[in-house]
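**Student:** Here you go, sequence then predicted model.
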Amino acid sequence: MASNPEKPATATARRKAGRHRGEGQWAVGHFTPLNGNEQFKKDDDGLNVRTRIETIYSKAGFQSIDPNDLRGRMRWWGLYTQRKPGIDGGKTAILEPEELDDEFFMLRVRIDGGRLTTAQLRVIGEISQEFARGTADITDRQNIQYHWIRIEDMPEIWRRLEEVGLSTTEACGDTPRVVLGSPVAGIAEDEIIDGTPAIDEIYRRIVGNKDFSNLPRKFKSAISGSPLLDVAHEINDIAFVGVEHPEHGPGFDLWVGGGLSTNPKIGVRLGAWVPLDEVPDVYEGVISIFRDYGYRRLRNRARLKFLVADWGAEKFRKVLEDEYLRRPLVDGPAPAQPVQRWRDHVGVHRQQDGRYYVGFAPRVGRVDGATLTKIADVAEAHGSGRLRTTVEQKMIVLDVEQDQVESLSSALEALDLTVRPSSFRRGTMACTGIEFCKLAIVETKARGASLIDELERRIPEFDEPITININGCPNACARIQVADIGLKGQLVLDDDGNQVEGYQVHLGGALGLEAGFGRKVRGLKVTSDELPDYVERVLRRFQKEREEGERFAVWAARASEEALS
């Protein structure tokens, strides 16, 4: 496989032009002109910035950081500058980066497959308390995010994380991001196949490897052998979904080209069945296609989903087989329809070995360092040494003996981490929002937490699965387009004509084999203050008008605009 950007993959590749000439595809000889991001990546690999952080920036302080490192290469080690306090959402798109930058960082700890030991979680909590003012959010990609990080503290933070086997390597940037995995891989009674060995081998081969550290944009991955389809495979650049082949047995169905943001696309099946031991080879082939053929000229067309949309599944599979794997893939079946709506593993569930795992729900992924250390203590006190994070901003304690389940559940409840959450607490997610994010326009985390409280008070009887995803900007980090109720932050006018924080509403999105994007009702926007009234009104109409067994997304697709407004 090609690794040198000056040498396209093959002679055949050099002759092949994509649909758009001059898109910056290395494999067809398009190396110039370079946009700013491509130039700083060419000037110096992002992985190299760690040495400068350790030897220069951590000693000389924030003001010593080169701008291309500050707003570019530092992402290769999980660092983003955070938003300066006090800047309202109306200035997000107006101010220059240096005007938005605070002298503190968000730091993302990658947790591939969501797997944590109690020792690792305790270290994460201790770092939060000592270096991050107590912050530690669980993301919808199984990571932990800190805020208020000082550049001076990074060498010590890395030392502590790496001492317990954790990493921030390529947690951000134009890199292979965290590999999502089923949070119950290897333990669930209904599992089709355990993808953990493939995740480990991909990490070993790919993460920190300079052959793959200069991609056109980020590369998101997911592997799950759960029949619940529990890793949002439809919206990843590459996903391996557990299936049973009628001749070859358990393996994975291959998907490529999913993604959200301002141009959302559902991933497509390549119709290929991949055995467990071949998953890393296929992953390497797909990420190599992205590196070599991906569009680098324009950042807004640089995700893999645009190449897949232009090529189509048939051509993409052919290039993968002919130029990268050098062998055909086996045709295979699609995954079966999941049998339940909730895919977050919250609650008490039996494991393969007769013990139990217990999933619990923080509020919109917001925890803190002290709570994380207490979770580690509680898990250990009840005989567990392992935990998992989920793609729904939840957490799971594994390996609990039956006689410890109730006392563990009670101990978690005492930390406000409920094992039996309401539909609203269970189904509400929120991104970082304007509190720390330089792209955000509105507040999200506190808004989500207060919305949960209001809905639990107003509609206590509501027990249908419902997802409410709140995003601070159009970039869809909280997956607004595929939620039952998706809320995209923007500034709106209130009844008095004042510009205030609010949301554009998307209704009826979904993941699963009936995946689709939510419906936007013409002109439907709500202010932040009106949000509880609006959501209550729509959910009561759903309760009144729904047919027996009908899901919210199905009702929203057929409901009148009046019913949805």
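**Tutor:** Structure received.

**Student:** Can you name the element that comes right after the host helix or strand of E38?
**Tutor:** Using DSSP states H and E, E38 falls within helix 36-43. Next helix or strand after helix 36-43 toward the C-terminus (DSSP H and E): helix 49-52.

**Student:** residues of that next one that come out buried?
**Tutor:** V49, R50, R52 (16 or more other Cβ atoms under 10 Å). Any C-beta I mention is one placed from the backbone N, CA and C, and that applies to glycine too.

**Student:** Stretch 525-536 too?
**Tutor:** Buried residues in stretch 525-536, counted by 16+ other Cβ under 10 Å: K525, V526, T527, S528, E530, L531, P532, Y534, V535, E536.

**Student:** Among the residues you listed, list the two that are farthest apart in space.
**Tutor:** Across the buried residues of stretch 525-536, the longest distance by Cβ to Cβ is 17.0 Å; it joins K525 and E536.

**Student:** where does the stretch 201-350 of the chain dip in pLDDT?
**Tutor:** Across the stretch 201-350 of the chain, nothing is flagged by pLDDT under 70.

**Student:** any chance you could map the strands in it?
**Tutor:** Assigned by DSSP state E, counting those that start in this stretch, the stretch 201-350 of the chain shows strands spanning 219-224, 238-245, 249-256, 268-274, 330-331, 347-350.

**Student:** contact partners of the fourth one?
**Tutor:** If I follow you right, that is strand 268-274. Outside strand 268-274, the residues that touch it by Cβ atoms under 8 Å, 6 or more residues apart in numbering are 240, 243, 245, 248, 251-257, 282, 308, 313, 316-317, 320, 329-334.

**Student:** Need the buried ones from the residues you listed selected in ChimeraX.
**Tutor:** Applying 16+ other Cβ under 10 Å to the contacts of strand 268-274, the buried members can be selected in ChimeraX as follows:
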select :240,243,245,251,252,253,254,255,256,257,282,308,313,316,317,320,329,332
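
**Student:** Tell me which of the strands of the stretch 201-350 of the chain sits nearest to D377.
**Tutor:** Using Cβ to Cβ, the strands of the stretch 201-350 of the chain put strand 347-350 closest to D377, at 20.0 Å.

**Student:** Any idea how far the helix holding E38 is from the middle of the chain?
**Tutor:** Computed by Cα atoms, centre = their mean, to the nearest Å, the chain-centroid distance of helix 36-43 equals 25 Å.

**Student:** Tell me the buried residues in it?
**Tutor:** Neighbour-count burial for helix 36-43 [16+ other Cβ under 10 Å]: N37, E38, F40, K41.

**Student:** Repeat that for stretch 78-95.
**Tutor:** Going by neighbour count (16+ other Cβ under 10 Å), the buried part of stretch 78-95 is G78, L79, Y80, T81, Q82, R83, I87, G89, T92.

**Student:** So which of those residues is the closest to R122?
**Tutor:** G78 (19.8 Å).

**Student:** May I have the predicted confidence score for the closest one?
**Tutor:** Note on G78: pLDDT of 98.

**Student:** Show the backbone phi and psi for it.
**Tutor:** In terms of degrees, to the nearest 10, the main-chain angles of G78 are phi 80, psi 10.

**Student:** S226 versus that one, what's the distance?
**Tutor:** Going from G78 to S226 by Cβ to Cβ, to the nearest Å gives 27 Å.

**Student:** ditto for V164
**Tutor:** Counting by Cβ to Cβ, the gap from V164 to S226 is 27 Å.

**Student:** Between the two, point out the one with more neighbours.
**Tutor:** Neighbours per residue, other Cβ atoms under 10 Å: of V164 and S226, the larger number sits with S226, 25 against 14.

**Student:** so what's that one up against?
**Tutor:** With contact set as Cβ under 8 Å, 6+ apart, S226 has these partners: S182, V184, A185, A188, D190, E191, I192, G242.

**Student:** tell me the phi and psi of it?
**Tutor:** phi -90, psi 140.

**Student:** same deal with the one 10 residues further on?
**Tutor:** According to degrees, to the nearest 10, the main-chain angles of N236 amount to phi -110, psi 160.

**Student:** And it, how far from M429?
**Tutor:** Separation of N236 from M429 (Cβ to Cβ) stands at 17 Å.

**Student:** cool, and R291?
**Tutor:** Here the criterion is Cβ to Cβ. By it, R291 lies 31 Å from M429.

**Student:** List the residues that contact the nearest residue in space to N48 that is not next to it in sequence.
**Tutor:** Leaving aside its chain neighbours, N48 sits nearest to R73 (7.4 Å; criterion: Cβ to Cβ, 6 or more residues apart in numbering). By Cβ under 8 Å, 6+ apart, R73 lies in contact with F40, D44, G46, N48, V49, G173.

**Student:** Make CSV out of those residues and add pLDDT.
**Tutor:** Formatted as CSV, the contacts of R73 follow (pLDDT from 0 to 100):
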residue, pLDDT
F40, 96
D44, 98
G46, 98
N48, 98
V49, 98
G173, 97
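
**Student:** if we can go back for a sec, please identify which pair of the buried residues of stretch 78-95 lies farthest apart.
**Tutor:** Farthest pair in these, by Cβ to Cβ: G78 and G89, 25.4 Å.

**Student:** need the contact list for the residue nearest in space to the middle of the chain.
**Tutor:** Nearest to the geometric centre of the chain sits R141, at 3.2 Å (Cα atoms, centre = their mean). Counting by Cβ under 8 Å, 6+ apart, R141 touches R177, V178, L180, K220, V391.

**Student:** Who wins on neighbours among these?
**Tutor:** L180 leads the contacts of R141 on contacts (other Cβ under 10 Å) with 30 neighbours.

**Student:** From R73, how far off is it?
**Tutor:** Distance from L180 to R73, by Cβ to Cβ: 25 Å.

**Student:** ok, back up a step: out of the buried residues of helix 36-43, who's nearest F436?
**Tutor:** N37 (22.4 Å).

**Student:** can you count the residues close to the closest residue to that closest one other than its chain neighbours?
**Tutor:** Nearest residue to N37 in three dimensions, chain neighbours excluded: R299, at 6.3 Å (Cβ to Cβ, 6+ apart). R299 has 15 neighbouring residues, counting by other Cβ under 10 Å.

**Student:** ok, now P275?
**Tutor:** Neighbour count of P275, defined by other Cβ under 10 Å: 17.

**Student:** I187 versus that one, what's the distance?
**Tutor:** 21 Å.

**Student:** And for L95?
**Tutor:** Taken as Cβ to Cβ, the span from L95 to I187 is 48 Å.

**Student:** Now do the same contact list for D69.
**Tutor:** V49, R52, Y57.

**Student:** no no, R317
**Tutor:** Applying Cβ under 8 Å, 6+ apart, the residues near R317 are L270, G271, A272, L329.

**Student:** top of those residues by neighbour count?
**Tutor:** Counting by other Cβ under 10 Å, top hit in the contacts of R317: L270 with 25 neighbours.
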